[in-house]
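A.B. asks: My questions are about this predicted structure, shown below with the sequence.
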Amino acid sequence: MDLSTLDILKKGQIAVACNDAGAANIIINWLKFMPEVTFRVHLGGPAEALWCRAFPGTINYGLDDAINGSSMLLSGTGWATSLEHNARYRASNKGIFSVAVIDHWVNYESRFFRNGLFIYPDQIWVVDKYGYDLAKSVFSDQVIKLMPNYYLDEQVRQIKEFEKTFLRNTEKKNILYALEPIRVSWKHDEVIAGEFQALDYFASNLRDISMVPINIRLRPHPSDNPGKYDDWVEQQNLDAKIDISEGTPLFEDVAWSDIVVGCQTYVLIIGLTAGKRSISCLPPYAPDSLLPYPEIEEFRKKTKVLI
């Protein structure tokens, strides 16, 4: 792990371009660790709300105003937006040193491709050994750096602290279901989005594998629209209490849980690192899980996940 590489953030003003929550959380926690760093931000999507919460009063600049006068660009790599790609394109044209942060293990190449054009940074930063090995294999000609994950460290610290104050009901199991937008249907004969297919699969099989009373808490993704899952909850007839987490810090939801469930969300990694049982609920007709952590169980292999 190249801790010294973070010192590059101290050399002049940096521009930050982020849209998705994953990279934004990682970058935010680097900058909290280095309060002497000066920066200008160009934000969209969930990243904007996360940034304003972490750094109240921050101005969200237009792209040119964020980049002009900056010595480097630090960008996320959301694959469903062009905001960060456009920032890397502008930095490249201006000869500004560029670093891109990959926070997950999927869609590596497509993160740098828009409108028929690949735009790569000068360096790619990842935050775990699996991402490092994958990035080295996918981007053989790029400079890859393994960096500390202060976001994960801080989440686990807060989870452990909150657990000290949380009075757990030992007669029930608390299941945190961390949602994420899948955006496609895994079944060719259905138009329902994958996140709802996974929820339906989870609910329809829960009675078969649960041997104790349970509580279920759905945690929407930061990019989900308010109320997205209200109808689904109303339609359920499960012998379990189901609620939706609204505005609760992630560390509190994970601390509340005994088991963390999701498809391929990073929350599974947070739960696992914090000592929670983490289970992927990708249905049988979905592709193989791309999460590289072998300790994460799979709901579709029910013999391993009796609750």
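C.D. replies: That came through fine.
A.B. asks: in a strand, that's where residue 177 is, yeah?
C.D. replies: Yes - judged by DSSP: H, G, I helix; E, B strand; the rest coil, residue 177 forms part of a strand.
A.B. asks: is it true that it touches residue 261?
C.D. replies: Yes - here residue 177 lies in contact with residue 261, judged by CB atoms under 8 Å, at a distance of 4.8 Å. C-beta coordinates here come from the backbone N, C-alpha and C atoms, glycine included.
A.B. asks: Next, show the common contact partners of these two.
C.D. replies: Counting by CB atoms under 8 Å, 6 or more residues apart in numbering, the residues touching both residue 177 and residue 261 are 202, 281.
A.B. asks: Reduced to three states, what does the residue lying closest to residue 5 once chain neighbours are set aside come out as?
C.D. replies: Nearest non-adjacent residue to residue 5, counting by CB to CB, 6 or more residues apart in numbering: residue 145, 5.2 Å away. Look at residue 145: counting by three-state DSSP, its state is strand.
A.B. asks: quick one, strands of the stretch 201-307 of the chain?
C.D. replies: Remark: strands assigned in the stretch 201-307 of the chain by DSSP state E, counting those that start in this stretch are 214-219, 241-244, 259-262, 277-280, 297-298.
A.B. asks: most packed of those?
C.D. replies: Neighbour counts (mean count of other CB atoms under 10 Å) averaged over each of the strands of the stretch 201-307 of the chain peak at strand 259-262, with a mean of 26.
A.B. asks: That strand pairs with which strands?
C.D. replies: strand 173-178 (parallel), strand 277-280 (parallel) (DSSP bridges).
A.B. asks: Dump those strands to JSON lines, plus mean pLDDT.
C.D. replies: Shown next, in JSON lines, are the strands paired with strand 259-262 (pLDDT from 0 to 100):
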{"stretch": "strand 173-178", "mean pLDDT": "94"}
{"stretch": "strand 277-280", "mean pLDDT": "94"}
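A.B. asks: For residue 195, find the nearest of these.
C.D. replies: With CB to CB, the closest approach to residue 195 among the strands paired with strand 259-262 belongs to strand 173-178: 10.3 Å.
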